[in-house]
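**Q** Below are the sequence and a predicted model; questions follow.
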Amino acid sequence: MKAKLPDFDSLVKEATTDGVSFERLLELSQKNLDLAHVLAANPASPPDLLEIMARRRDNIILANVTANPNTPTQVLCQLGKKFPVEFLKNPILPLLLLENPNFFQQIPSNTLSSLCDYVLEHCYSEKGIPKQEIYSSLAPREVLQQLINSEDSMTRFSIAKHPNTPLAVLEQLAISKHENARYGVALNPNTPVYLLEKFVVDKSFHVRSGVAQNPNIPIKAILKLANDPNSEVSRGVFFNSQAPAQILDALLKKFSEYQNGAWITWVASSYGVNPYVLEKLSTSDIHKLRIHVARNRKTPPETLKKMALVQNEHRLVLREIAKNIATPYEVLQHLASEPRITIKEAALDNICIPDEVKASWLNWKY
């Protein structure tokens with residue numbers, strides 16, 4: 001246990017007394033870590049001292065400086081990235097906004113991202129139900145309002161697509177002039193149908209491609225988007241988990257003929273694709289396409305198993321199945337007994353297999 005300075009209490013009293021010179025406060029802040037914690041938290045500490053203390057590496061000092069209303073604004077905004085709670089608790093925040101309504105526009109984007117993540121993850125539960133408000137300065141709903149008015153496009157997008165974003169905020173972002181905000185709302189699993197249906201005819205193909213992926217849209221909307229003149233939009237339907245097989249079959253045929261199949265190869269490689277699509281592509285006559293399906297970590301284990309059991313399957317397809325962490329254990333064991341060394345080694349190198357299991361497969365003494 002760290003020893004306490006014998007005169008610690010008297011030094012704390014001195015450090016928190018009005019009229020102490022800057023030089024003496026600086027000396028005290030460097031004398032002892034506990035004393036530095038007190039000075040960092042003291043609202044009477046001068047801004048210049050807090051700015052110097054913000055260069056320290058101690059997290060308690062930095063957190064206290066972030067929560068201190070006397071901390072220089074620029075320093076506060078930088079520290080907010082690592083200490084979003086202390087930033088939002090700082091009682092100076094409402095005053096800063098009163099003096100400068102565009103204050104949040106001056107906050108660095110990485111700090112905005114941190115504030116956004118904290119508010120949505122800790123102040124709201126799924127579907128935007130608010131938790132207890134712990135702030136003495138700005139309430140979470142006020143912070144969100146500031147964030148969605150930010151000029152930072154990624155912050156708006158992050159809020160728009162987050163499952164904890166309240167409905168009132170989604171409704172506001174759904175009519176935003178910013179394309180990325182509407183795109184995020186289109187992707188959001190909690191966006192109500194009445195908003196999603198408006199995105200089906202959005203002027204932005206990017207937004208339409210987003211809503212095409214949303215599993216909550218009605219079948220008639222999926223059909224309309226599958227026939228959208230923009231290929232980016234119709235391709236989005238491949239990522240809709242509720243898209244009917246008939247629509248997906250028609251799209252597979254369309255994209256297989258498009259640009260020599262380049263886009264369908266991209267689909268086979270992508271995460272989030274409807275499992276039915278990957279299953280259909282797993283039986284393609286084109287072995288290069290099957291390679292992409294075999295490599296995709298989101299390919300259903302049952303599909304990978306079926307592919308591995310196909311007679312005379314191409315060796316490169318089998319090698320990718322052997323590498324895939326989604327491949328079932330029994331399939332890896334089967335491939336580990338392959339006479340073809342590249343397939344066998346790939347199965348034995350699969351990170352999902354414990355060393356002792358690999359050893360037993362090879363009859364090694366472990």
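**A** It's in.
**Q** quick one, what contacts the nearest residue to G272 once chain neighbours are set aside?
**A** Distance criterion CB to CB, 6 or more residues apart in numbering; nearest residue to G272, sequence neighbours excluded, is F239 at 4.9 Å. Bear in mind the C-beta positions are built from the backbone N, C-alpha and C, glycine included. If you count contacts by CB atoms under 8 Å, 6 or more residues apart in numbering, F239 has them with A212, Q213, S270, G272, V273, N274.
**Q** Helices - which of those land there?
**A** Among the contacts of F239, the members falling in helices are A212 (criterion: DSSP state H).
**Q** The longest helix seen in the chain packs against which elements?
**A** In the chain, assigned by DSSP H, the helix with the most residues is helix 109-122. Using 3 or more CB pairs under 8 Å, 6 or more residues apart in numbering; DSSP states H and E as the contact test, the elements touching helix 109-122 are helix 84-89, helix 140-148, helix 153-161.
**Q** change it to 10 Å
**A** helix 73-79, helix 84-89, helix 140-148, helix 153-161 (3 or more CB pairs under 10 Å, 6 or more residues apart in numbering; DSSP states H and E).
**Q** Now the element after the last one, going C-ward?
**A** So the one you mean is helix 153-161. Under the assignment DSSP states H and E, the closest C-terminal helix or strand after helix 153-161 is helix 167-174.
**Q** who touches that following helix?
**A** With contact meaning CB atoms under 10 Å, 6 or more residues apart in numbering, helix 167-174 is reached by 120, 124, 127-128, 141, 144-145, 147-149, 156-157, 159-162, 165-166, 180-186, 188, 190-192, 194-196, 198-199, 202, 207.
**Q** again, only this time at 7 Å
**A** 128, 144, 148, 156, 159-160, 181-182, 184-185, 188, 191, 195 (CB atoms under 7 Å, 6 or more residues apart in numbering).
**Q** In this structure I351 contacts I325, no?
**A** Yes: at 6.3 Å, I351 and I325 qualify as touching, with contact defined as CB atoms under 7 Å.
**Q** between the two, which one's more packed in?
**A** When I351 and I325 are compared for neighbours, I325 comes out ahead with 10 against 7, by other CB atoms under 10 Å.
**Q** The more buried one contacts I353, correct?
**A** No: the pair I325 and I353 fails to qualify as a contact (CB under 7 Å) at a distance of 9.9 Å.
**Q** related to what we said a few turns ago, please point out which parts of the longest helix of the chain sit buried.
**A** Taking 16 or more other CB atoms under 10 Å as the neighbour-count basis, helix 109-122 is seen to contain the buried residues T111, L112, S113, S114, L115, C116, Y118, V119, L120.
**Q** Which parts of the protein are strands?
**A** 124-125, 129-130 (DSSP state E).
**Q** The residue nearest to Y271 when sequence neighbours are not counted and I264: what is the separation?
**A** Residue nearest to Y271 in three dimensions, not counting chain neighbours: K298, with 4.7 Å by CB to CB, 6+ apart. Taking CB to CB, to the nearest Å as the measure, K298 and I264 are separated by 16 Å.
**Q** What is the neighbour count of L318?
**A** 26.
**Q** Next: S270.
**A** Neighbours of S270 using other CB under 10 Å come to 16.
**Q** worst-scoring helix or strand of this structure, pLDDT-wise?
**A** The least trusted helix or strand in the chain, going by mean pLDDT, DSSP states H and E, turns out to be helix 355-361, with a mean of 72.
**Q** any low-confidence regions in the stretch 201-350 of the chain?
**A** 258-261 (pLDDT under 70).
**Q** State the distance from T303 to I321.
**A** Following CB to CB, the distance that separates T303 from I321 is 10 Å.
**Q** Please say which of those two ends up with more neighbours.
**A** Looking at T303 and I321 with other CB under 10 Å, you find the greater number of neighbours at I321, namely 31 against 22.
**Q** what pLDDT does the spatially most central residue of the chain get?
**A** Among the residues of the chain, S158 comes closest to the average C-alpha position under CA atoms, centre = their mean, at 7.9 Å. We note a pLDDT of 95 for S158 in this prediction.
**Q** Quick check: chain neighbours aside, which residue is closest to it?
**A** In space, S158 is closest to C116, 5.3 Å off (CB to CB, 6+ apart).
**Q** what residues are up against the one you found?
**A** The neighbours of C116, taking CB under 7 Å, 6+ apart as the test, are L147, T155, S158, I159.
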